[in-house]
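1. the following block contains a protein sequence and its predicted model.
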Amino acid sequence: MSQKPTFAAIAFGLAIAFTGAANAAWQPAKPIEFIATAGPGGGTDNFARAVQNIVTKYKLVEQPIVVVNKAGGSGAEGYTYTKAMAGDPYKVVFGTSNAWNQPMVSKVAYNYTDLTPIAAMVQDEFLLWVKQDAPYQNVQDFLKAVAAKPPGDVKMGGAQSKDTDETLTRMIDKAAKVKFVYIPFKSGAEAAVQLAGGHIDAHVNNPSESIGQWKGSTQRPLCAFSPQRLPDGPKVTATQNWHDIPTCVESGLAIPQFQQPRTVWLPGKVTSDQTAFYVDLMKKVQATPEWKEYIERTSQTDTFLIGDAFNKFIKEDIERTRKVAVDEGWLISN
Amino acid sequence: MENLEALMHGFGIALSGNHIFLMVIGVLLGILVGVLPGLGAPNGVSLLLPLTFGMQPVSAIILLSSMYWGALFGGSVTSILFNIPGEPSSVATTFDGYPMARDGRPTTALATAFGSAAFGALAGVVLITLAASWVAQVALAFGPPEYFAVYFLAFASFIGMGGSPPIKTLVSLAIGFALAAVGIDTVSGSVRLTMGIDEMVKGVSFVVAVMGLFGIGELMIAVEEEFHVKAISSKVEWREVFRTLVGLPKHGWALLRSAAIGCWMGITPGGPTAASFMSYGIAKRLSPRHANFGKGEPEGIVAPEAADHAAGTSALLPMLSLGIPGSATAAVMMGGLMIWGLNPGPMLFVEQKDFVWGLIASMYLGNVVAVVLVLLTVPIFAALMRVPFFIIAPVIVIICTVGAYSVSNSYLDVMLMMGFGVLGYLFKKLHYPLAPLVLAIVIGDKAEDAFRQSMLMSKGSLGIFFAKPLVTTLILLGAALLLMPTIWRTIGRMMPRSEVKP
Amino acid sequence: MVSGRSLEAATALITGAFGAAVIVSSLDNGIGWSAAGVESGTFPLIVGVVILAGSLFNLVQGWLHARAVILGPSELRRLAILFVPAAVFVGVIPLIGMYVAAALYIFGAIAWNKRGSLLLAAAAAIGTALALYLMFEKTFQISLPRGALGTWLGF
């Protein structure tokens, strides 16, 4: 089209411009900041860096990407910072369901409505773990033993307070009519070591937080809080892989599904073009073999939610957490 | 000794030209991030991490761990020269390192620090080589009550060692505790002490506080008291470096003791920062020259440095064998291990012998490389002391400002840092001790968490601190250290004057 | 001139005010024992009371025993020469950004001093800004604030 623009050429160009508008109308013009709401080495940090690596490797964006850790306040630092950046399409925040759950139970200065949802890219699974030499062979044995003891005698460890781990513990309480005492630690890795040392009786870690401990025969999973068994794969121990672990429902604990989505957000007040650009970018990331490899390595589940599906997921998750939070008296009055 | 055999095998892996080159690069980058306050080993390691994806796991971990050694060494440089601790664990090095440097002996101070640090690191690696499996078992014995007891012990050995007015010490300590509590509380998940500032939810960073209290505060003292750094000869003082190193065995007992404290705190959850404080506190109590501590006493440099490095090194063991990161850097490396397809945990030693022993062998080599490189830089760093004050003063202000900002890209932190600067000046001028405040910021919230976790476990009974032999011993030891000065004073009063200990 | 008394008093008032703020703020969090163990306000409350009580003690003690004069006019002048430019430097960062602020600060500090020269000042100023850029922006990927000036220039 460098010489005489004909009518056809102009029409063609316009058509490109219009169809392209859905995904290419806005392009970043300066470096992009990925904000991980966890410290270096944490699950969310690995998530943000995995996306960064893929984007950089395939040159999906012309501009450089920098990962910044804002882990303070269990991630509240990152969300609060992003909220303050309203309208800035160069800040992308990576988190979990704490984006909507944390404001429900603590007086933090943001809510998920201050952010623009992009995608929930993957779900981390939860399992119920006990010490390797514990006498229980299945969930029923374990829960019977818990019920036989006075309430508050059996210790469940987990990461953070009033976050997913404690919410799940309270759901187990209710489903099995028992009462655990919940001991909050800084991270799931810490809880895993406390279980190996016998200082607590159980925890509900994600697979990647405890795989080393399972391999090393210090603890073992009793059941997975997922609708169907985790995918088949290489053996983790001499005899078992993740697929050999029954779901909680099939072993008689009626919690059909409990997962931790890994979420991506923009600040509030960005344009729909900018939102569309990042949704598209995440779609491209999700389609790469490296992404599959990341999911397998961390034993997470591949579920990619955007748009309405993501919004619906958030609504449902909030309902579920709110039920627990109301019963436990966690809700803060705003 | 099958461990020694495995180690020899490890040396075979680690000793290649390629690996030595990686060590040199890693150490140099590490020194750089260590020297620049605000940037720490965790930043550096997470930036290098993507570069390692294409490497063999052994090569990758050698690069990253060498960076870690470099940063540990580099952290002491600014502590000694400008009273600005580059890393939390080098705060205690400022107590005697800075006075000595200011006294015209920066070369001696740096060489003492590096020499003792190398000794500490070596002690840590030897421990890992000989007692890896035993150490892992020890670490497992620590539950919340034991954690609390370890923190209590660290406080007890450091607080009440005297000098400052007791009520001022108490206020300083309590302010540190309050600052440590700012932000989200782990045990309840609620937001605390943000004083209406939304951003404070992230908590008060140790680096921000220290940069203000020590860096800016000391600068103000130096200006106001017209303190001039003594003239330093312009000759490169290789001989002084050498003489200091040769003279180190003089402090043999202090070295051994500090390394032991460091190894202990590295395996147990205390960590390098608590180790260096504790070691300094104990050295001051036991030394016959304890009146000289804080004025440039060599043992006041030896003790925290040897302990810091022993702890920093042995902290890698729980990471490998249990998957608990003993420090922020270890956490990043653990992320790396997983990306390289290795799972830290009890099986790593069985399944990945080449990797584990290659790493351990590289710890010996990496530390040798690090100490050689860092000693070569001593005269360069010492020369910084010759830059005229009117140039160095604004540079220090800028370094502190950028350092505070880069902790979490926050301007609020810069303002806080300046506030801490004024507070540091006032405290120093009026003889409030700063060290208790700093120690409380570092381990105050951890001690509180451990206490409250213990209370949850025991349903509110303090009996949990006396329920098992390990925790009881630690608590009693802490109590004894805390009461020792009082007891000695009482004994001193009862005895005739001439027999009172100095 | 500042007397030891007033400096002691000022410091005790600062720490005391902080203690009081800690106490007030801790009351929001709940005190004592509940189903969730030791409540999160308990520890800050104790700490706040210790700070406040200790500050009151230091206030009285300082008033009774402090040195008469602690800072003379020349000391105050020297402090001001250090602190005022430093505070201005920090204050203008949001406006003109870290690089420009640091360069101007260094330039001013060296040019002002009788032992400095304009050439040295200019070289040091450019050197500082460049070193900051290479070290932070390039090597460690930490972007320093560019301020309103940077936004205006489109950085």
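-> Sure thing, it's come through.

2. make it CA atoms for all contacts and neighbour counts henceforth
-> Will do.

3. so B:Leu127 touches B:Ser314, yeah?
-> Yes: counting by Cα atoms under 8 Å, B:Ser314 is a contact partner of B:Leu127 at 7.4 Å.

4. looking at these two, which has the bigger crowd around it?
-> Neighbour count, other Cα atoms under 10 Å in any protein chain shown: between B:Leu127 and B:Ser314, B:Ser314 has more, with 31 against 19.

5. for the more buried one, what are its contacts?
-> B:Gly124, B:Val125, B:Leu127, B:Ile128, B:Cys263, B:Gly266, B:Ile267 (Cα atoms under 8 Å, 6 or more residues apart in numbering or on different chains).

6. report the contact partners of C:Val90.
-> B:Thr401, B:Val414, B:Met415.

7. which neighbours do B:Leu127 and B:Ser314 have in common?
-> Common neighbours of B:Leu127 and B:Ser314 (Cα under 8 Å, 6+ apart) are B:Cys263.

8. returning to that earlier point: so which of the contacts of C:Val90 belong to helices?
-> Of the contacts of C:Val90, the ones assigned to helices by DSSP state H are B:Thr401, B:Val414, B:Met415.

9. and those, which is closest to A:Ala99?
-> B:Val414 (27.3 Å; Cα to Cα).

10. residues near that closest one, how many?
-> For B:Val414, using other Cα under 10 Å, the count is 26.

11. model confidence for it, exactly?
-> B:Val414 carries a pLDDT score of 96 in this model.

12. could you do B:Ala315 as well?
-> 81.

13. do I have it right that it meets B:Gly266?
-> Yes: between B:Ala315 and B:Gly266 there is a contact at 4.5 Å, judged by Cα under 8 Å.

14. and chain C, what are its domains?
-> C:2-71, C:73-153 (automatic domain parsing).

15. so which of those domains is the most packed in?
-> domain C:2-71 (a mean of 19; mean count of other Cα atoms under 10 Å in any protein chain shown).

16. what's the end-to-end length of that one?
-> For domain C:2-71, the first-to-last residue distance is 5 Å (Cα to Cα, to the nearest Å).

17. show the end-to-end separation of stretch B:46-54, please.
-> Span of stretch B:46-54 from end to end, Cα to Cα: 15 Å.

18. helix, strand, or coil at the nearest residue to B:Ile159 once chain neighbours are set aside?
-> Counting by Cα to Cα, 6 or more residues apart in numbering or on different chains, the nearest residue to B:Ile159 once its immediate chain neighbours are dropped is B:Pro436, at 6.7 Å. Here B:Pro436 is recorded as helix under DSSP: H, G, I helix; E, B strand; the rest coil.

19. quick one on the thing from earlier: using JSON lines, lay out the domains of chain C together with mean pLDDT and distance to A:Ser251.
-> What follows is the domains of chain C, written out as JSON lines (pLDDT from 0 to 100; distance: least, Cα to Cα, whole Å):
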{"stretch": "domain C:2-71", "mean pLDDT": "92", "distance to A:Ser251": "30"}
{"stretch": "domain C:73-153", "mean pLDDT": "92", "distance to A:Ser251": "50"}
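
20. please name whichever of those domains is nearest to B:Pro346.
-> domain C:2-71 (32.9 Å).

21. which ones are touching C:Met3?
-> You called it Met, but residue C:3 is Ser. Contacts of C:Ser3 by Cα under 8 Å, 6+ apart are C:Arg67, C:Ala68, C:Val69, C:Ile70, C:Leu71.

22. got the buried residues for the top helix by length along chain B?
-> Of all the segments of type helix in chain B, defined by DSSP H, the longest one is helix B:106-140. Using 16 or more other Cα atoms under 10 Å in any protein chain shown as the test for burial, helix B:106-140 gives B:106-129, B:132, B:135-136, B:139-140.

23. quickly check: it near chain A or not.
-> Yes: using Cα under 8 Å from any Cα of the partner chain, helix B:106-140 reaches chain A at B:Leu140.

24. relative to B:Phe381, which of the contacts of C:Val90 is nearest.
-> Nearest member of those to B:Phe381, counting by Cα to Cα, is B:Thr401, at 20.9 Å.

25. next, count neighbours for that closest one.
-> 28.

26. in this structure it contacts B:Val414, no?
-> Yes: the criterion here is Cα under 8 Å, and B:Thr401 meets it with B:Val414 at 5.7 Å.

27. per-residue confidence at A:Pro5?
-> Predicted confidence (pLDDT) for A:Pro5: 46.
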